[in-house]
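# Pasting the sequence and the predicted coordinates here, then a few questions.
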Amino acid sequence: MNPAFSVIFLTTLIGVGQGMFLALFTGQSYSAVELLPSEDSTGFYGTGALIALAFLVLGLIASVFHLGRPERAWRAAAMWRTSWLSREVIVLPALMFLVFVYAVMHLFGWDTVLFTTKSGARLQLTLIVGTLGMLATFGLFIATGMIYACLKFLQEWNSPLTVINYILLGTASGFLLATAFANTNAPELMRFYGIWAIIITVAGFITRSASLIRNARLKAKSTIQTALGIRHNKIRQKAMGFMGGSVNTRDFSHHMTATFLKSIKWIFLLLVFVLPVAFLWEGIETANTAILLTAFIIQYIGLLGERWFFFAQANHPQNLYYQTV
Amino acid sequence: MTQLALVIDLNVCVGCHACVTSCKEWNTSGPAGFMTDENPYSKDPTGTFFNRVQTYEIGEFPATETLHFPKSCLHCEDPPCVPVCPTGASYKRKEDGIVLVDYDKCIGCRYCSWACPYGAREIDEKQQVMKKCTLCVDRIYDTSLPDTERKPACVLACPTSARLFGDVHDSESDISIKIREEGGYQLMPEWGTKPANHYLPRRKTRLHIHEDELVRADNPLKKEQRGPSKPVDAPTLDDSTSW
């Protein structure tokens, strides 16, 4: 496939936003049962949720550039019964609304304690909104991943690993941003987020590598023989029926060399997994915000490469019909 | 239930592209609006087409055959492009099985083109909506046309009758009989899309001559239990008379 930068930015940006929100909600849940010290509502949870919201909004803006007719985008909510894209279109604004409410409740201190257990655990109003937001976050990860995973003849995508990678890579980048954010706004949580960011990044490395290995071993189900219905081992296309190119020649190939594709793979493995973990380690040890932010930026750039590769690697069976001008 | 479809006879297609131009002419002048052509007379011309004729070479020189292969939307019975459409712009008509795009609802997200293994959908770069073969739905039901012309434009244009149009669910229709009796097949059956359009294979009539058929079986010498004489170089009676 030809990677569309609008979709690359959409999926990576909302991944950061979703991961950041998950990080905040995890921190607040832990503090509710007193596993972690509770943080200042305005300075940490409220501001943090606004940062997460900003990433979600940026993602939404990026997605608009993918549409030929963005003015009709509202129609995309119609077919949620069958289309994962439609489900994503519904869940993304829902999540943005919940994150917005979560942020506002923290910023304005509308956070009544509903009840306290004997052991001292407090159930706050924001935790309920947060739980809904957490469910929406996972719903959005699943919808985004399934958009690709449900296309059965794009064999590189048609695997549960696609969804798992979207969840883990998005969460990793969000936790990494939360680590840098916590270092300035809640230093006692920095180590907690940092360690989780490392754990999730390593888990993401395992599942992304698993999908790379799986894809390297794939055998295409469709061949030129099944595409044409001709039983002969030697079939060559002599003409695709036109010379000037069409959507079929532009949209379904990355138009780069195999070497370029391969180098992107090693570059993203380095930028998404190896370097951020090294920087994170150093950043946690020295409690240096600049180093932690660098780790985040490196990983985000790496994720752009990862997403580019994700699209470029998928080989669409329609290409069998478009091999020679 | 009706499922309108095309049957394409690869045995007689000569690759003249008459169906391509006729399709473009009819559909670009239709009520749904033009089919964009960008830079038609300059460098890198590109445009939207519903139908393409491709050419393949089968085998290796000198034992090669040329295959002309027309390809348009196959109007799958289980179309993978329809359920993925987020707006419902892509739909399959219940009454005749034609897969259509509602150009007023399409948001141009291209997801349906990803979901079509055949590459049958092409986005219109000007109107930014997805377009594809409509089986000339604006023509086949037009009662102002004489009966014989209520067929897709490509079918009417084909000089060799390589394109046939009909209902594949009616087992007695001409095209159903053709599919049944002449080995009609579907493209990429591995994905379970059940394309309604079928292709008839290239067929050859071969003459099989066995050795004993070269020797006259009604040789009168046989009755007398004598073997036929050895072949002679000189002209024989068989060469000069016809029985």
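Happy to help now that I have it. Residues are numbered from 1 along each chain as shown, chains lettered A, B, ... in the order given.

# need the longest helix for chain A.
helix A:187-216 (DSSP state H).

# list the helices and strands that one packs on?
helix A:5-32, helix A:160-185, helix A:258-269, helix A:275-286, helix A:289-313 (3 or more C-beta pairs under 8 Å, 6 or more residues apart in numbering or on different chains; DSSP states H and E). Backbone N, C-alpha and C define where each C-beta goes, glycine included.

# what's the spacing between the second one and its chain's center?
Relative to the centre of its chain, helix A:160-185 is centred 9 Å away, using C-alpha atoms, centre = their mean, to the nearest Å.

# Tell me the buried residues in it?
Residues of helix A:160-185 classed as buried by neighbour count (16 or more other C-beta atoms under 10 Å in any protein chain shown): A:161-183, A:185.

# picking that back up, want to throw the helices and strands packed on helix A:187-216 into CSV with mean pLDDT and distance to A:Cys150?
Shown next, in CSV, are these (pLDDT from 0 to 100; distance: least, C-beta to C-beta, whole Å):
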stretch, mean pLDDT, distance to A:Cys150
helix A:5-32, 95, 15
helix A:160-185, 96, 9
helix A:258-269, 96, 24
helix A:275-286, 95, 30
helix A:289-313, 97, 15
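
# pLDDT at B:Asn219, what is it?
According to the prediction, B:Asn219 has pLDDT 61.

# Around chain B, pick out the residues from the stretch 51-200 of chain A.
A:66-70, A:72-73, A:75-79, A:82-86, A:89, A:147, A:150-154 (C-beta under 8 Å from any C-beta of the partner chain).

# Surely A:Leu304 touches A:Thr12?
Yes. Between A:Leu304 and A:Thr12 there is a contact under C-beta atoms under 8 Å: 6.0 Å.

# So what pairs up with B:Glu65 in the strands?
Note on B:Glu65: beta-bridge partners by DSSP bridges are B:Ile58.

# count of residues packed around it?
By other C-beta atoms under 10 Å in any protein chain shown, the residues close to B:Glu65 number 13.

# what sits against it?
Shown in contact with B:Glu65 (C-beta atoms under 8 Å, 6 or more residues apart in numbering or on different chains): B:Glu57, B:Ile58, B:Gly59, B:Arg202.

# Only whichever of these are buried, select them in PyMOL.
To isolate in PyMOL the members of the contacts of B:Glu65 that are buried, counting by 16+ other C-beta under 10 Å, one can use:
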select buried, chain B and resi 57+58
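
# I'd like the contacts of B:Glu65 as JSON lines, with pLDDT appended.
What follows is the contacts of B:Glu65, written out as JSON lines (pLDDT from 0 to 100):
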{"residue": "B:Glu57", "pLDDT": "96"}
{"residue": "B:Ile58", "pLDDT": "96"}
{"residue": "B:Gly59", "pLDDT": "95"}
{"residue": "B:Arg202", "pLDDT": "93"}
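
# which one of the contacts of B:Glu65 sits closest to A:Thr117?
B:Ile58 (76.0 Å; C-beta to C-beta).

# pretty sure the closest one is touching A:Ile230, no?
Yes. Counting by C-beta under 8 Å, B:Ile58 touches A:Ile230, with 6.0 Å between them.

# Now chain A against chain B: closest residue?
Nearest residue of chain A to chain B: A:Gly68, at 2.1 Å (C-beta to the nearest C-beta).

# Any chance of the backbone angles for that residue?
phi -70, psi -30 (degrees, to the nearest 10).

# Tally up the residues packed near the nearest residue to it once chain neighbours are set aside, please.
Among residues not flanking A:Gly68 along the chain, B:Gly108 sits closest, at 2.1 Å (C-beta to C-beta, 6 or more residues apart in numbering or on different chains). A count of nearby residues for B:Gly108, using other C-beta under 10 Å, gives 19.

# List the contacts of B:Gly108.
Counting by C-beta under 8 Å, 6+ apart, B:Gly108 has contacts A:Leu67, A:Gly68, A:Arg69, B:Ile123, B:Gln128, B:Val129, B:Met130.

# Give me the three-state assignment for it.
Here B:Gly108 is recorded as coil under DSSP: H, G, I helix; E, B strand; the rest coil.

# same thing with A:Trp110?
A:Trp110 - assigned by three-state DSSP - is coil.

# Run a quick neighbour tally on the nearest residue to it once chain neighbours are set aside.
Leaving aside its chain neighbours, A:Trp110 sits nearest to A:Leu125 (6.9 Å; criterion: C-beta to C-beta, 6+ apart). Look at A:Leu125: counted by other C-beta under 10 Å, it has 13 neighbours.

# show me what contacts the residue lying farthest from the centre of chain A?
Farthest-out residue of chain A from its mean C-alpha position, per C-alpha atoms, centre = their mean: A:His232, at 43.1 Å. Applying C-beta under 8 Å, 6+ apart to A:His232 gives the contacts A:Gln225, B:Ile58, B:Gly59.

# okay, the first one: pLDDT?
Here the pLDDT value assigned to A:Gln225 is 96.

# Can you show me the CA trace of the strand or helix carrying A:Ser63 as PDB?
Element membership of A:Ser63, judged by DSSP states H and E, is helix A:47-64. Below are the C-alpha coordinates for helix A:47-64, written out as PDB (Å, rounded to 0.1, in the frame of the first residue of the first chain):
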ATOM      1  CA  THR A  47      -3.200  19.600  32.700                       C
ATOM      2  CA  GLY A  48      -2.200  16.100  31.700                       C
ATOM      3  CA  ALA A  49      -5.600  15.300  30.400                       C
ATOM      4  CA  LEU A  50      -5.500  18.500  28.400                       C
ATOM      5  CA  ILE A  51      -2.200  17.400  26.800                       C
ATOM      6  CA  ALA A  52      -3.800  14.000  25.900                       C
ATOM      7  CA  LEU A  53      -6.800  15.900  24.500                       C
ATOM      8  CA  ALA A  54      -4.500  18.000  22.400                       C
ATOM      9  CA  PHE A  55      -2.900  14.900  20.800                       C
ATOM     10  CA  LEU A  56      -6.400  13.500  20.100                       C
ATOM     11  CA  VAL A  57      -7.500  16.700  18.400                       C
ATOM     12  CA  LEU A  58      -4.300  16.900  16.300                       C
ATOM     13  CA  GLY A  59      -5.000  13.300  15.200                       C
ATOM     14  CA  LEU A  60      -8.500  14.200  14.300                       C
ATOM     15  CA  ILE A  61      -7.300  17.100  12.200                       C
ATOM     16  CA  ALA A  62      -4.700  14.900  10.500                       C
ATOM     17  CA  SER A  63      -7.500  12.400   9.600                       C
ATOM     18  CA  VAL A  64      -9.500  15.100   7.800                       C
END
